[in-house]
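K.L.:
have a look; sequence and predicted model below, questions after that.
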Amino acid sequence: MVGVEDLVHFRYYVSSKTINKLIQVHDRIFCCIAGSLADAQAVTKAAKFQISFHSIQMESPPLVKAAASVLKELCYNNKEELQAGFITAGWDRKKGPQVYTVALGGMLLSQPFTIGGSGSTYIYGYADAKYKPDMSKEECLQFATNALALAMGRDNVSGGVAHLVVITEEGVEHIVIPGDKLPKFHDE
Amino acid sequence: MAAATAMRFGQLSSGSDMAPDWTTKEVSTGTTIMAVEYDGGVVIGADSRTTTGAYIANRVTDKLTPIHDRIFCCRSGSAADTQAIADVVTYQLGFHSIELDEAPLVQTAANLFKASCYRYREELMAGIIVAGWDKRRGGQVYTVPVGGMLVRQPVSVGGSGSTYIYGYMDSNYKPNMTKDQCLRLVSGALSLAMERDGSSGGVVRLAAISETGVDRQVILGNQLPKWSTTGYIPYCLSKGLEIYPTV
């Protein structure tokens, strides 16, 4: 399950409050983007092409690990020019649901859950405390929504609308929560 | 012998990976500190790590410094700067209290900190939380961050590790908590920050200040609250996941 907010800023001008930072790179694989949006969009466009080509050659849906690897190759080989980080998540037949982080320099790491972007520093404590393995879909949705709301409350360059996507074997479900409908915490 | 050593350090220095940075870096209480008001007093807490670069100069530091009988300060930033400021304020407050012939107000202590931190803001690197109890307003927490601002808050966090626990604090703090709930909130938040921030660690030092006095405790590393992410390796083993994924 992937969740992301969507504010884009250039220096301190907010250029968009409604951009979607969840890019679909294949039927059951999504990418959350962070960092320079221009770099991230360029990389995901190239990755989307490579992944669908790979999928056609293999005559089967790609593994999430393969999709994450494609992104990693692009980030690592162009590390001097790029400034973008990704979270790749999805479902495949071999290993089921998976989450991979591709960090700034091109490191690739598999984790049960992960957070990223400038607002993530404020929710490390909350995420460490609240996460437990084997949560249900509803618990995960609540966890992600709360975490996003807390980060958006503290980070001045995060905000706008929260996008959530639930990916399962059956399909993909997209949920959008406007800023004023997010959970409120004591100081608001 | 000393001259030869100094020359070797000189040749290795300036940004080289080979030079130990504890020879050149200033001592810093890169830190996590926290204070919470409750009805009847305050609970304050801090980690215990002092670093010079990558070397931990003191792993059992006491960053909760008494300024007066019922007033404490939590120190973060440069160790030298915060110790010097705390000494100055302790003297000033003690003198003021004798003149007044009664216990000083927490607000007075906070304003003395603010005065020093703001006047010498260019030279200082100090983030301080002042907390205590007085009979006029009960438990109070005032924060004086870098730059010399002063503001009263019901709950305040500071230091390099504080960024990681804003979310946890926002979601878990509620007004009108009891002293035990505050102690649990502070020890939980500090242990989460110490887990993530390289400049915070060691033990958790807590103090509860109220009309009756100051009650100090130490929570050692193995007694800290445990979170499911601290059991990441056992979880991986139980699920057959790779711990160091070979991708």
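P.N.:
Structure's in. What do you need? Since the model is a prediction, treat every value here as computed from it, not as a measurement.
K.L.:
ok, and the helix or strand in the chain with the lowest average confidence?
P.N.:
Here I'm looking at chain A. strand A:8-10 (a mean of 45; mean pLDDT, DSSP states H and E).
K.L.:
near chain B, which residues of chain A are found?
P.N.:
Selection of chain A residues close to chain B by Cβ under 8 Å from any Cβ of the partner chain yields A:65, A:68-69, A:72, A:100, A:108-110, A:112, A:121-129, A:131-133, A:146-147, A:150-151, A:153-154, A:185-187. All C-beta spots, glycine's among them, are computed from the backbone N, C-alpha and C.
K.L.:
ok, 7 Å please
P.N.:
For chain A, the residues in contact with chain B (Cβ under 7 Å from any Cβ of the partner chain) are A:65, A:69, A:108-110, A:121-126, A:128-129, A:131-133, A:146-147, A:150-151, A:153-154, A:185-187.
K.L.:
from the residues you listed, which land in helices?
P.N.:
Among those, DSSP state H puts A:65, A:69, A:124-126, A:128-129, A:146-147, A:150-151, A:153-154 in helices.
K.L.:
with pLDDT and neighbour count added, can I get the residues you listed in CSV?
P.N.:
As requested, those are exported to CSV (pLDDT from 0 to 100; neighbours: other Cβ atoms under 10 Å in any protein chain shown):
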residue, pLDDT, neighbour count
A:65, 94, 19
A:69, 95, 21
A:124, 93, 25
A:125, 93, 33
A:126, 93, 26
A:128, 90, 22
A:129, 90, 23
A:146, 93, 20
A:147, 93, 25
A:150, 93, 25
A:151, 92, 27
A:153, 89, 22
A:154, 91, 16
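K.L.:
not counting sequence-adjacent ones, nearest residue to residue B:48?
P.N.:
Distances taken as Cβ to Cβ, 6 or more residues apart in numbering or on different chains put residue B:202 closest to residue B:48, at 3.5 Å, once the chain neighbours are dropped.
K.L.:
what pLDDT does the one you found get?
P.N.:
With respect to pLDDT, residue B:202 scores 93.
K.L.:
likewise for residue B:5?
P.N.:
45.
K.L.:
and stretch B:165-172, anywhere near chain A?
P.N.:
Yes - for stretch B:165-172, a contact with chain A is found by Cβ under 7 Å from any Cβ, at B:165, B:166, B:167, B:168, B:170, B:171.
K.L.:
nearest to residue B:217, of these?
P.N.:
residue B:165 (19.6 Å; Cβ to Cβ).
K.L.:
contact partners for the closest residue in space to that closest one that isn't next to it in sequence?
P.N.:
Leaving aside its sequence neighbours, residue B:165 sits nearest to residue A:125 (Cβ to Cβ, 6+ apart; 3.7 Å). For residue A:125, the contacting residues are B:164, B:165, B:167, B:168, B:189, B:192, B:193, by Cβ atoms under 7 Å, 6 or more residues apart in numbering or on different chains.
K.L.:
by neighbour count, which of the residues of stretch B:165-172 next to chain A wins?
P.N.:
When neighbours are taken as other Cβ atoms under 10 Å in any protein chain shown, the top entry among the residues of stretch B:165-172 next to chain A is residue B:167 (33 neighbours).
K.L.:
convert the C-alpha atoms of the host helix or strand of that residue to PDB, please.
P.N.:
Using DSSP states H and E, residue B:167 sits within helix B:166-172. Extracted in PDB, the C-alpha atoms of helix B:166-172 (Å, rounded to 0.1, in the frame of the first residue of the first chain):
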ATOM      1  CA  TYR B 166       7.400  15.400  16.000                       C
ATOM      2  CA  GLY B 167       4.900  13.000  14.500                       C
ATOM      3  CA  TYR B 168       4.900  10.800  17.600                       C
ATOM      4  CA  MET B 169       4.500  13.700  19.900                       C
ATOM      5  CA  ASP B 170       1.700  15.300  17.800                       C
ATOM      6  CA  SER B 171      -0.300  12.000  17.800                       C
ATOM      7  CA  ASN B 172       0.300  11.000  21.400                       C
END
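K.L.:
okay, buried residues for the top helix by length along chain A please.
P.N.:
Longest helix in chain A by number of residues (criterion: DSSP H): helix A:37-58. By 16 or more other Cβ atoms under 10 Å in any protein chain shown, the buried positions in helix A:37-58 come out as A:37, A:39, A:40, A:42, A:43, A:44, A:47, A:48, A:50, A:51, A:54, A:55.
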